[in-house]
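*Asks:* I'd like to go over a predicted model; first the sequence, then the structure.
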Amino acid sequence: MWGLTTDTFERPADLRNTDDPRVLYFRSYLAMRLVIGGLGVLLPIMLWIAEGPLLKGDWRIRDSLSAYYHSGARDIFVGVLCAVGLLLVTYMAGKLRSLDFVLSTVAGIAALGVAMFPTNRPYVQGDSVGCGLISDPVPHGCTRLQQVFGEETVANAHLWFAGVFIVSLAAVCFVFAYRERDHRTTSGHGPLHIWFHVASGVIILAAVAWVLLGVNIPVGDSNLTSLYIGELVSVLAFGSSWFLKGVDLLRRRPVDDDSTLMPV
């Protein structure tokens, strides 16, 4: 049976006391959530800045966040996804049977898959030679993985990993909301915190629906594709939910002066 409620741990009253090992544990746990949320929110900004102002490349927003794999910002795209993926896999690792751990691990593995299995090269025309073992010489921009398994196969894997990643993140947002409701009397928060996490999960699912509808928004001489908008909204909603949860842990206080047991 999945445990949607967790046991409490003794929350130190003074987080400045670094001589207390409980403080070190709590601050590390808090930092993990803040980093995951911060990376999610900053990823689209970092990709645009890296390719445009920093590297003096193409200032045009690409068709998707995944398309930045085939740009000068590739290292940032892969690096951030790998960092987020590893953090998600190790999140709540102390409770292997908790729903939090299962969902975050699935999301983390999917994030690593998105980073390792690139999408199709965006600059390839319909009659161009695709990646594959029969391609000689190797087409420009093909990775070894694409050469071995074929460009379309790798792109399909990328699509599945991305879908699992996004849906898992929405599920975690709903778990956060459930936790807030369950521990509402202890945290001292009103319903706003609960609904923020619920809204984040709903927004992520709505972004997926937007992608499936394929609605593009014209901006100047180009379009903001439904895929880019959906991915952008999803990572911002996911990052905001995790970031708030991290800040929330920092702000929580015991119910009274005699109690330092706080749920996470």
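*Replies:* Arrived safely. None of the values given here were measured: they were computed from a predicted structure. Numbers count the residues shown, from 1 in each chain.
*Asks:* how about the helices of the chain, start to end?
*Replies:* 21-49, 74-90, 99-116, 144-149, 151-182, 184-187, 191-213, 226-251 (DSSP state H).
*Asks:* Show me what counts as buried in the first one.
*Replies:* This means helix 21-49. Neighbour counts over helix 21-49 (16 or more other CB atoms under 10 Å) mark 23, 26-27, 29-30, 32-37, 39-44, 46-48 as buried. The C-beta positions use only the backbone N, C-alpha and C, and glycine is treated the same way.
*Asks:* Of all the helices of the chain, which one comes closest to Val138?
*Replies:* helix 144-149 (6.3 Å; CB to CB).
*Asks:* Contacts made by that closest one with the rest, please.
*Replies:* Met116, Phe117, Pro118, Cys131, Gly132, Leu133, Ser135, Val138, Val154 (CB atoms under 8 Å, 6 or more residues apart in numbering).
*Asks:* Next, the contact list for the first one, please.
*Replies:* In this structure, Met116 makes contact with Leu145, judged by CB under 8 Å, 6+ apart.
*Asks:* Dump the helices of the chain into TSV; add mean pLDDT as well.
*Replies:* Below are the helices of the chain laid out as TSV (pLDDT from 0 to 100):
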stretch	mean pLDDT
helix 21-49	84
helix 74-90	93
helix 99-116	92
helix 144-149	87
helix 151-182	89
helix 184-187	48
helix 191-213	89
helix 226-251	83
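*Asks:* now for the ones you listed, which one comes closest to Arg62?
*Replies:* helix 226-251 (6.9 Å).
*Asks:* Pull out the buried residues from the closest one.
*Replies:* Those would be 226-246, 248-249, for helix 226-251 by 16+ other CB under 10 Å.
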